[in-house]
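**Student:** Structure here, sequence nowhere to be found:
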């Protein structure tokens with residue numbers, strides 16, 4: 001009889017716990033307020049990178065699984081029909097986080113109220129074109145888009161420039177959108193950063209998630225300096241420096257650097273098309289870490305406005321190691337720079353100074 005009473009009490013207690021849980025869950029459902037949508041602009045949205053990028057944004061890869069988004073897509077008039085096709089596919093995919101889609105060839109409509117702008121569109125260099133001709137085309141594009149962002153985007157709009165020459169395009173955009181804070185205009189070197197992580201993981205036969213803190217210094221070009229001197233791998237015995245684990249200084253100073261620098265060209269040779277999936281994924285990584293923060297003890301590479309850190313001339317958009325917190329990035333300070341690194345960092349800075357001069361000559 002006592003056993004029966006004990007069982008009965010247990011059933012009553014479990015029933016009360018279950019009922020309490022249901023009541024709390026019901027009340028909580030009323031307290032949870034869905035976040036306001038964030039409006040994300042993607043230029044060149046009908047192109048390869050744009051086509052790969054917009055579903056990632058709509059799925060939550062850029063801003064998180066609980067952040068609703070409205071996507072504004074901009075492209076040139078000849079791509080209008082293809083752009084509308086991308087919009088139809090976004091609608092057909094029924095993404096729960098996607099609260100609206102605008103597909104337009106009107107730069108003012110595209111920039112209206114945007115919180116985040118991912119500038120994928122640009123004029124690619126074609127066979128027989130001089131460097132200054134390409135720069136002139138992109139200066140014209142980024143001058144117009146910067147003016148539209150200046151007038152119509154949200155005051156705290158964050159900008160990521162993907163289209164090459166990314167660093168200098170970002171600098172031109174900054175010039176013609178003076179009300180957007182300097183710290184809110186960046187360019188993509190996260191693709192190079194991720195490529196460096198991948199090369200180290202393959203060299204050491206470790207998971208890429210266990211490798212951290214590589215650095216891409218400088219320009220998103222073949223002069224960039226992929227630096228593994230401060231990178232570490234998470235092992236069973238704790239974090240170990242990559243140079244110690246690799247044990248091959250020559251590889252780190254030659255093949256590793258050259259592979260990362262030339263990876264884009266290698267992909268074009270293999271696919272007969274430029275990087276799209278990896279570029280889109282890296283753009284999501286860049287914005288996600290910028291907005292949501294980098295994990296403690298980790299840094300990432302971002303092309304940001306130089307403040308003179310590490311002897312890099314102020315006023316360039318240069319790739320540095322950064323940490324992010326509460327929507328703000330900060331350059332990692334105090335890293336030891338050896339003579340080899342100094343030479344590489346200065347060489348890519350020199351190229352950026354030349355690009356800056358060329359771009360400004362196109363404005364005159």
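**Tutor:** Structure received. Note that the structure is a prediction, hence the values are computed from the model and not measured. Numbers count the residues shown, from 1 in each chain.
**Student:** how would you label residue 336: helix, strand or coil?
**Tutor:** Per DSSP: H, G, I helix; E, B strand; the rest coil, the local secondary structure of residue 336 is coil.
**Student:** Now do the contacts for it.
**Tutor:** By CB atoms under 8 Å, 6 or more residues apart in numbering, the contact list for residue 336 reads residue 229. C-beta coordinates here come from the backbone N, C-alpha and C atoms, glycine included.
**Student:** ok, now residue 185?
**Tutor:** Residues in contact with residue 185 (CB under 8 Å, 6+ apart) are 159, 161, 170, 173-174, 177, 305, 317.
**Student:** In strands, which of the residues you listed appear?
**Tutor:** Among the contacts of residue 185, DSSP state E puts 159, 161, 305, 317 in strands.
**Student:** looking at it, the first one is touching residue 149, isn't it?
**Tutor:** Pointing back at residue 159 there. Yes - between residue 159 and residue 149 there is a contact at 7.0 Å, judged by CB atoms under 8 Å.
**Student:** quick one: residue 330 is in a helix?
**Tutor:** No - counting by three-state DSSP, residue 330 is not found in a helix; it is strand.
**Student:** mind checking the SS state of the nearest residue to it once chain neighbours are set aside?
**Tutor:** Nearest non-adjacent residue to residue 330, counting by CB to CB, 6 or more residues apart in numbering: residue 323, 5.6 Å away. Secondary structure for residue 323, judged by three-state DSSP, is strand.
**Student:** The contacts of residue 185 into TSV, with extra columns for distance to residue 221 and pLDDT?
**Tutor:** Shown next, in TSV, are the contacts of residue 185 (distance: CB to CB, whole Å; pLDDT from 0 to 100):
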residue	distance to residue 221	pLDDT
159	20	98
161	14	98
170	13	96
173	18	95
174	19	95
177	23	96
305	18	97
317	12	98
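**Student:** what bridges to the closest residue to residue 332 other than its chain neighbours?
**Tutor:** Excluding its sequence neighbours, the residue lying closest to residue 332 (CB to CB, 6+ apart) is residue 321, at 4.3 Å. Counting by DSSP bridges, residue 321 is bridged to residue 301.
**Student:** And residue 321, how close does it get to residue 272?
**Tutor:** Going from residue 321 to residue 272 by CB to CB, to the nearest Å gives 34 Å.
**Student:** With residue 152 instead?
**Tutor:** 38 Å.
**Student:** what about residue 150, helix or strand, and which?
**Tutor:** Assigned by DSSP states H and E, residue 150 belongs to helix 131-152.
**Student:** Pull out the buried positions in that helix.
**Tutor:** Residues of helix 131-152 classed as buried: 134-139, 141-143, 145-150, 152 (neighbour count, 16 or more other CB atoms under 10 Å).
**Student:** And it, what does it pack against?
**Tutor:** Here helix 131-152 touches helix 107-111, strand 116-119, helix 166-176, helix 339-363, going by 3 or more CB pairs under 8 Å, 6 or more residues apart in numbering; DSSP states H and E.
**Student:** Among these, which comes closest to residue 291?
**Tutor:** Among the helices and strands packed on helix 131-152, strand 116-119 comes nearest to residue 291, with 7.8 Å by CB to CB.
**Student:** quick one, which of residue 321 and residue 272 is more surrounded?
**Tutor:** Neighbour count, other CB atoms under 10 Å: between residue 321 and residue 272, residue 321 has more, with 24 against 7.
**Student:** Would you confirm that that one contacts residue 301?
**Tutor:** Yes - in this structure residue 321 lies within contact range of residue 301 using CB under 8 Å: 6.1 Å.
**Student:** which residues are common contacts for these two?
**Tutor:** Common neighbours of residue 321 and residue 301 (CB under 8 Å, 6+ apart) are residue 215.
**Student:** which residues in this protein form helices?
**Tutor:** For the chain, helices defined by DSSP state H occupy the ranges 2-31, 48-59, 80-93, 107-111, 131-152, 166-176, 190-204, 242-246, 249-253, 255-261, 263-271, 277-292, 339-363.
**Student:** now for the last one, which elements pack on it?
**Tutor:** Under the contact definition 3+ CB pairs under 8 Å, 6+ apart, helix 339-363 sits against helix 131-152, helix 166-176, strand 215-217, strand 225-227, strand 317-325.
**Student:** residues of that helix that come out buried?
**Tutor:** Buried residues in helix 339-363 (16+ other CB under 10 Å): 341, 344-346, 348-349, 351-352, 355-356, 358-359, 362.
**Student:** what's the most distant pair in these?
**Tutor:** Pairwise distances across these peak at 32.0 Å for 341 and 362 (criterion: CB to CB).
**Student:** how many neighbours does residue 207 have?
**Tutor:** Close neighbours of residue 207, defined as other CB under 10 Å, add up to 10.
**Student:** Setting aside sequence neighbours, what's the nearest residue to it?
**Tutor:** Nearest one to residue 207, counting by CB to CB, 6+ apart, is residue 201 at 6.5 Å.
**Student:** quick one: the one you found and residue 128, what's the gap?
**Tutor:** Distance of residue 201 to residue 128, given as CB to CB: 39 Å.
**Student:** ditto for residue 174
**Tutor:** Residue 174 is 31 Å from residue 128, by CB to CB.
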